[in-house]
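Student: would you be able to build a 3D model of this:
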Amino acid sequence: MFVSNLSVEKWVGNKNEGYLIENPSFSQVEEAIGELDGKTKTLVTLGDDEAYMSIGGGNSGKYVVTATLDNESFYTLLHQPKYDIKTSISSKNQITVLHFYNELKKQRDNLDTHNDKVIFISPKFSKSNDTEELVVGGQAGNYPVKMCVDLLECLLAAITFAESGQLEPSLTWKEDESLVMV
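Tutor: Sure thing, here's the model as predicted:
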């Protein structure tokens, strides 16, 4: 696994009593993200010295996911309105996000690069200025709705990053121009 550290913030009043897990497992990553509540647990960071992913929020089932692969270029995960794993999961036959990720990876690995093509369609995003209030890192902030992703998108991004140190290619990422070095 690529990720060597998992940091979890836990706010008690105005004091962060978070903790660090070295060499976390996939289940520890998934559990830490699942515990984000936008109140006492508002930020999870996973990575190594140069590359890391931060996941914040959790209140109202929305999350903000940012990542860097080199500590110079920063990316934000964008919500994909047409991305819906939930419809393929029946109550009798539930799958884990890790299982879904492994199936997705298997399909990518089995492509015949000469004959098969994978096409990812980026949805058209609303140009509205709607925002959603999320608590990230203990601080409330207003985030554009397109930056507020659901738990499944968040977990898929995190599991891909935890395993490979890369951004999940089936999701939509936007480079943050405001942080690009001049």
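Student: past the one helix or strand in the chain whose mean pLDDT sits lowest, which element shows up next along the chain?
Tutor: Each helix and strand of the chain was given a mean pLDDT (mean pLDDT, DSSP states H and E); the minimum falls on helix 97-109 at a mean of 66. In the C-terminal direction, the helix or strand that comes right after helix 97-109 (DSSP states H and E) is strand 131-136.
Student: strands paired with that following strand, and their directions?
Tutor: Strands flanking strand 131-136 in the sheet, each with its direction: strand 139-144 (antiparallel) (DSSP bridges).
Student: now stretch 62-70: average pLDDT?
Tutor: The average pLDDT within stretch 62-70 is 96.
Student: show me what counts as buried in that stretch.
Tutor: By neighbour count on 16 or more other CB atoms under 10 Å, the buried set for stretch 62-70 is 62-69. Yep, even glycine has a C-beta here, placed from its N, CA and C like the rest.
Student: contacts for it?
Tutor: Under the criterion CB atoms under 8 Å, 6 or more residues apart in numbering, residues 33, 36, 50-57, 74-77, 132, 134, 136, 143, 147-151, 153-154, 157-158, 161, 165-167, 173, 176 lie in contact with stretch 62-70.
Student: check which helix or strand covers the spatially most central residue of the chain.
Tutor: Nearest to the geometric centre of the chain sits Cys154, at 3.3 Å (CA atoms, centre = their mean). Assignment of secondary structure by DSSP H and E places Cys154 within helix 151-164.
Student: quick check: mean pLDDT of that helix?
Tutor: Helix 151-164 shows an average pLDDT of 94 in the prediction.
Student: against which helices or strands is the helix or strand following it packed?
Tutor: Along the chain past helix 151-164, the next helix or strand (assigned with DSSP H and E) turns out to be strand 172-175. With contacts defined as 3 or more CB pairs under 8 Å, 6 or more residues apart in numbering; DSSP states H and E, the secondary structure elements packing on strand 172-175 are strand 74-78.
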